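Undergrad: model this:
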Amino acid sequence: MFTVHQQTIRLYEKEGLIEPKRSEGNTRLFSEEDISKLEEIIHLTHQLGINIAGVEMIFKLKKQIQKMQKEMNKVFETAQEELDKESETSKHVIKASAQQLMKIKHEKPITTHEAQPKHEVEPVDIDNWEIEYDNE
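TA: This is a model prediction of the structure:
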């Protein structure tokens, strides 16, 4: 099935790169995941020239990246949930404020005359102004 010798597959198993299940007769049983992993190992070692230690390091780094991706996804989901909650809260506050404004508007309509502040200004008679001068 693969372009490598059985001893090479045994070596990959011995190094812990793959972990196929065993039948009662001790025959290796490869899952789809095992086959994918084995194909990746063969590609890395034979086509790219990476040694077994390098392959182990690549797999460890891939595992760390996947773990970090899951953690980041969880952080993003939590942040999105919080944003959704805040958005809903804001919508309720805006709706309540709009309802209060409508209630106030319907209680007592304000005319333009009432809306302007009333300032009593005394009229000034500018014809009777007197100017005093200092004659020193």
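Undergrad: quick check on residue 30: phi, psi?
TA: phi -90, psi 130 (degrees, to the nearest 10).
Undergrad: list the contacts for the nearest residue to it once chain neighbours are set aside?
TA: Of all residues not flanking residue 30 in the chain, residue 20 sits nearest, at 4.9 Å (C-beta to C-beta, 6 or more residues apart in numbering). No exception for glycine: its C-beta is placed from N, CA and C like everyone else's. Counting by C-beta atoms under 8 Å, 6 or more residues apart in numbering, residue 20 touches 13, 28, 29, 30, 31, 34.
Undergrad: burial count for the second one?
TA: Yep, that's residue 28 we're talking about. 15 (other C-beta atoms under 10 Å).
Undergrad: please apply the same query to the fourth one.
TA: As a burial measure, the neighbour count of residue 30 was computed by other C-beta under 10 Å and equals 16.
Undergrad: test my guess that it contacts residue 38.
TA: Yes - counting by C-beta atoms under 8 Å, residue 30 does reach residue 38; the two are 7.1 Å apart.
Undergrad: who touches both of the two?
TA: Joint contacts of residue 30 and residue 38 (C-beta under 8 Å, 6+ apart) are residue 18.
Undergrad: if we can go back for a sec, so can I have JSON lines of the contacts of residue 20 showing distance to residue 59 and pLDDT?
TA: Shown next, in JSON lines, are the contacts of residue 20 (distance: C-beta to C-beta, whole Å; pLDDT from 0 to 100):
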{"residue": "13", "distance to residue 59": "14", "pLDDT": "92"}
{"residue": "28", "distance to residue 59": "19", "pLDDT": "88"}
{"residue": "29", "distance to residue 59": "21", "pLDDT": "90"}
{"residue": "30", "distance to residue 59": "17", "pLDDT": "88"}
{"residue": "31", "distance to residue 59": "16", "pLDDT": "90"}
{"residue": "34", "distance to residue 59": "13", "pLDDT": "90"}
